[in-house]
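J.: With the sequence up front, the predicted model follows.
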Amino acid sequence: MNDNSITFRYSTYTYKFSFLNTISNVRAFYPNEKIFVYLDDNRKDLDFYKIISEKYNVNLVLTEGHSTYIDRNDSFEINYPKCLERFSRILHCAENSNTTWMITLEDDVQFRRKIHTFPNTDFGTNRELVGFTGGGSIMKNSVVRKFLHKITPDELYELHYKYRNSIYWATDAMLKIVFIDKYKCTSEKWIELAEHEYYDDRDYAIFHGCKKLHKLG
């Protein structure tokens, strides 16, 4: 196996043509790598995603757990199952990937070229204010498998409940708490990932935050 082999993970929102843009863009540089796309199974727009997924050889996963949108103003009781579903999707991708790395795709992620440089740590992250594992970030599948199996349901609940008045609904923030704070995994700012006015004055593979692409319809 290539030491830097990649699987892509994508939990979509509701902007269908942003999704199409991201998928077609990734396929321009990575025509054969696995892409897992996760969708709530009760969505009314599934036919569109099925057509695009078939065209671009995407692994479409429909889940009974629903997590398309988490409103931070909703109660903990409403949002916690959605948070669990997001963790479940990350673990599912890691368990069904025989690659070293998992890259997070979002509607506002755009590739400019193939990746040349990979992290020397367990996680390659966005800038601090954007999030630990936001769009375009990269993580080791083996690390995800190891520690998401190790953490118990009670521990995961306790961590989310501890931060119920602040960040528990933000998956990337909670991943940092689990992997970095609890299990002492390693991370670094990934030099292949740029944001607006952050690492975007040099050569890079991925840009996160293309807002003109974020709401294409």
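T.: Now that the structure is in, tell me what you want to look at.
J.: just for the protein, where's the confidence low?
T.: Low-confidence segments of the chain, defined by pLDDT under 70: 1-2, 129-131, 213-217.
J.: Next, residue 77: secondary structure please.
T.: helix (DSSP: H, G, I helix; E, B strand; the rest coil).
J.: Quick check: it vs residue 157, distance?
T.: Using CB to CB, to the nearest Å, we find residue 77 at a distance of 12 Å from residue 157. All C-beta atoms are positioned from the backbone trio N, CA, C, and that covers glycine.
J.: sec struct for residue 81, please.
T.: Classification of residue 81 using three-state DSSP returns helix.
J.: Could you find the closest non-adjacent residue to it?
T.: Leaving aside its sequence neighbours, residue 81 sits nearest to residue 65 (CB to CB, 6 or more residues apart in numbering; 6.8 Å).
J.: The one you found: what's it in contact with?
T.: Neighbour list for residue 65: 40, 81-82, 84-85, 88 [criterion: CB atoms under 8 Å, 6 or more residues apart in numbering].
J.: In CSV: those, plus neighbour count and distance to residue 10.
T.: Output for the contacts of residue 65, formatted as CSV (neighbours: other CB atoms under 10 Å; distance: CB to CB, whole Å):
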residue, neighbour count, distance to residue 10
40, 18, 14
81, 11, 21
82, 19, 17
84, 16, 19
85, 21, 15
88, 15, 15
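J.: So residue 137 is in contact with residue 103, correct?
T.: Yes - assessed by CB atoms under 8 Å, residue 137 is found in contact with residue 103 at 7.3 Å.
J.: Would you map the helices across this protein?
T.: Using DSSP state H, the helices assigned to the chain run over residues 16-29, 46-55, 76-95, 141-150, 153-162, 171-176, 211-214.
J.: Turn those helices into a markdown table, columns for distance to residue 187.
T.: Output for the helices of the chain, formatted as a markdown table (distance: least, CB to CB, whole Å):
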| stretch | distance to residue 187 |
| --- | --- |
| helix 16-29 | 23 |
| helix 46-55 | 31 |
| helix 76-95 | 15 |
| helix 141-150 | 10 |
| helix 153-162 | 18 |
| helix 171-176 | 8 |
| helix 211-214 | 25 |
